[in-house]
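*Asks:* no sequence on this one, just coordinates:
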Ligand SMILES: Cc1cc2nc3c(=O)[nH]c(=O)nc-3n(C[C@H](O)[C@H](O)[C@H](O)COP(=O)(O)OP(=O)(O)OC[C@H]3O[C@@H](n4cnc5c(N)ncnc54)[C@H](O)[C@@H]3O)c2cc1C
Ligand code: FES
């Protein structure tokens, strides 16, 4: 158990990165606090269904079942033995001068830290498609969560679109579970996918698994697609209009669309904690600056998909490294990092291959019609964003305050990359020159009553 | 169970039934359903957009987009994708009359 003299280490996120970080700290004799919004530890990929569901891990996690089981039982055991404190169903909504504001059922609680490890994961990177504000359009991740954690499909006729490993994976998982998936529309053309092949070969087994799943999709899968619009009727999505690689117009009727172009790191807390950011050309997004171990300075460490999109195995390694860096900085013996750094380098090569093979659809975003909605929260259109780009001098935060893009309830998570793309197109510069939307607290909406109960 | 709504149950159908009220009408769901699953098992939307004419049915299912907030007859709004349905919940797709 921790004593008052022992520095308090808080970890946000109980996915693979957060769990490994916690275990490393426990091994070194610390008692970390682990905060996560979920009921049960596991994070995105190893998400666990609520109590009462019975599908075995093999069915939920496929080839990754063993890793899932290992992480779940490791965390559950440390929690049961009282070697860490788990704040479940708790959202960190602000970070300020060594304090976290945590929204719990009982209200907002302030938690002090001496060292902070952020392992907040990622969410889908989405691009607006005309009509995407309608009921029945979901992220690819949502389709997977529905299946994994609830055993349901979010529609009767499902079209999946976007690009990246999750597109193929979710498609194959839905088909296997018995969902009706008439089309899987990849915006990346074959020749682009081939360009990533050399680096994807850094993880041959994973790459091969992807190809097998692609084959299972058969004639549903189309590469090099251009999305035109999502058509709707009274109850929501009715069809997707698209052009195939040869430019032919096609339409697929459906009542659900799942979309995603790989992932966007969840960096909001790092931003509030004052971390420096750099624009990452490969991922076309702003990412916090860290050293190889995950140090962001000021006693803050970052690990997992929330800082580098290396996948679940990379997240486990990064969690160990961040904890090791934290231990070393506290003057405690830390596990050796060499083997882990070596493994990470291989995963980085694979990630470069993914980024190259399945790019963000910048041309499609730049070509959005004026009336297409960019911000789903407040229905801000592409036209309004472009207009404010002129008035705002091509600077992201001016455009934000002029057009309200990025100010809605999702805090810009799902619109900011597209908005920046539109501003860059209008200003004739690269997206990094437009700047980055500044993050604001609270990270999640908090009822006013919660602050009144602040303890 | 017949589900005329948006979602299709593909697995885990052997759970206890729970009942809730949606706009005063009795609806059935299964224990362990999120409010989102429960509402979309027999309906097509969770709420109407405040800024457009379309209805909304959630987007991310992971608590990030905030598209899925629904009202209760009394008490605070709920984030439907991260809240489990409970017997006797009284939900609505529009704000209550006395909503400020
Ligand atoms: C929806 C989705 C599905 C995915 N599916 C797959 C898949 O099938 N296969 C695959 O290989 N990869 C998948 N990925 C990628 C995969 O998530 C990652 O590689 C891996 O889970 C990263 O681990 P992590 O520990 O960095 O983050 P995560 O596993 O994402 O864990 C982050 C945790 O932080 C918590 N958190 C974030 N912000 C806060 C906050 N403010 N307060 C409290 N808690 C917070 C979250 O609740 C979450 O549990 C998926 C990603 C997403 C977004
Ligand atoms: S669907 Fe996104 S927060 Fe619930």
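*Replies:* Nice, I can see it. Note that the structure is predicted; figures quoted are calculated from it, not measured. Ligands and ions are numbered 1, 2, ... in the order given.

*Asks:* show me what stretch A:384-400 is in contact with.
*Replies:* Applying Cβ atoms under 8 Å, 6 or more residues apart in numbering or on different chains, the external contacts of stretch A:384-400 come out as A:370, A:374, A:401-403, A:405-407, A:412, A:416, A:419-420, A:422-424, A:426-427, A:429, A:433-438. C-beta coordinates here come from the backbone N, C-alpha and C atoms, glycine included.

*Asks:* okay, residue A:4: pLDDT?
*Replies:* pLDDT for residue A:4: 50.

*Asks:* tell me, how many residues neighbour residue A:52?
*Replies:* When neighbours are counted by other Cβ atoms under 10 Å in any protein chain shown, residue A:52 registers 13.

*Asks:* scratch that, residue A:31
*Replies:* Per other Cβ under 10 Å, the neighbour tally for residue A:31 reads 18.

*Asks:* what's the answer for the one 4 residues further on, then?
*Replies:* The criterion is other Cβ under 10 Å. On that basis, residue A:35 has 24 neighbouring residues.

*Asks:* for the residue minimising distance to the centre of chain B, which residues are in contact?
*Replies:* Centroid check for chain B by Cα atoms, centre = their mean gives residue B:39 as the closest residue, at 3.4 Å. Each residue near residue B:39 by Cβ under 8 Å, 6+ apart is listed here: B:5, B:22, B:27, B:46, B:70, B:80, B:91, B:93.

*Asks:* nearest to residue A:337 among those?
*Replies:* Each of the contacts of residue B:39 was scored against residue A:337 by Cβ to Cβ, and residue B:80 proved nearest at 42.7 Å.

*Asks:* which residues touch that closest one?
*Replies:* Contacts for residue B:80 (Cβ under 8 Å, 6+ apart) come out as B:34-36, B:39, B:46, B:58, B:68-70.

*Asks:* apply 10 Å and report the result again.
*Replies:* Contact partners of residue B:80, counting by Cβ atoms under 10 Å, 6 or more residues apart in numbering or on different chains, are B:34-40, B:46-47, B:57-58, B:61, B:67-70, B:91.

*Asks:* and what of residue A:409?
*Replies:* Contacts of residue A:409 (Cβ under 10 Å, 6+ apart): A:376-378, A:444-445, B:50, B:65-67, B:69.

*Asks:* one more time with 6 Å
*Replies:* A:377, B:66 (Cβ atoms under 6 Å, 6 or more residues apart in numbering or on different chains).

*Asks:* would the one helix or strand the residue nearest to the centre of chain B maps to count as contacting ligand 2?
*Replies:* Assigned by DSSP states H and E, residue B:39 belongs to helix B:35-41. No - legend: contact between helix B:35-41 and ligand 2 by Cβ under 6 Å from any ligand atom is lacking; minimum distance shown is 6.6 Å.

*Asks:* for that helix, which positions count as buried?
*Replies:* B:35-41 (16 or more other Cβ atoms under 10 Å in any protein chain shown).

*Asks:* distance from the chain centre to it, please.
*Replies:* A distance of 4 Å separates the centroid of the chain from that of helix B:35-41, by Cα atoms, centre = their mean, to the nearest Å.

*Asks:* equivalent analysis for stretch A:162-171, please.
*Replies:* Using Cα atoms, centre = their mean, the offset of stretch A:162-171 from its chain centre is 14 Å.

*Asks:* close to ligand 1, is it?
*Replies:* Yes - if you take Cβ under 6 Å from any ligand atom as the test, stretch A:162-171 does meet ligand 1, through A:166, A:169.

*Asks:* how far out from the middle of the chain is stretch A:118-131?
*Replies:* Chain-centre distance of stretch A:118-131: 6 Å, with Cα atoms, centre = their mean.

*Asks:* what does it rub up against?
*Replies:* The contact list for stretch A:118-131 (Cβ under 6 Å, 6+ apart) reads A:12-13, A:15, A:17-18, A:43-44, A:139-141, A:227, A:229-230, A:232, A:259-266, A:269-270, A:302-306, A:361, A:365, A:372, A:374, A:414, A:418, B:64.

*Asks:* over to stretch A:256-264?
*Replies:* Contacts of stretch A:256-264 with the rest of the structure, by Cβ under 6 Å, 6+ apart, involve A:122-127, A:136-140, A:143, A:154-155, A:158-164, A:166, A:230, A:237, A:240, A:285, A:309, A:358, A:360.

*Asks:* so which of the residues you listed are in strands?
*Replies:* Using DSSP state E, the subset of the contacts of stretch A:256-264 located in strands is A:122-124, A:137-139, A:158-163, A:230, A:237, A:240, A:285.

*Asks:* so which of those residues is the closest to residue A:104?
*Replies:* Of those, the one sitting nearest to residue A:104 (Cβ to Cβ) turns out to be residue A:123, at 21.9 Å.

*Asks:* what number of residues lie near the closest residue in space to that closest one that isn't next to it in sequence?
*Replies:* Spatial nearest neighbour of residue A:123, excluding adjacent residues (Cβ to Cβ, 6 or more residues apart in numbering or on different chains): residue B:64 at 4.9 Å. Residue B:64: 27 surrounding residues under other Cβ under 10 Å.

*Asks:* ditto for the one 4 residues further on
*Replies:* Burial of residue B:68, expressed as a neighbour count using other Cβ under 10 Å, amounts to 26.
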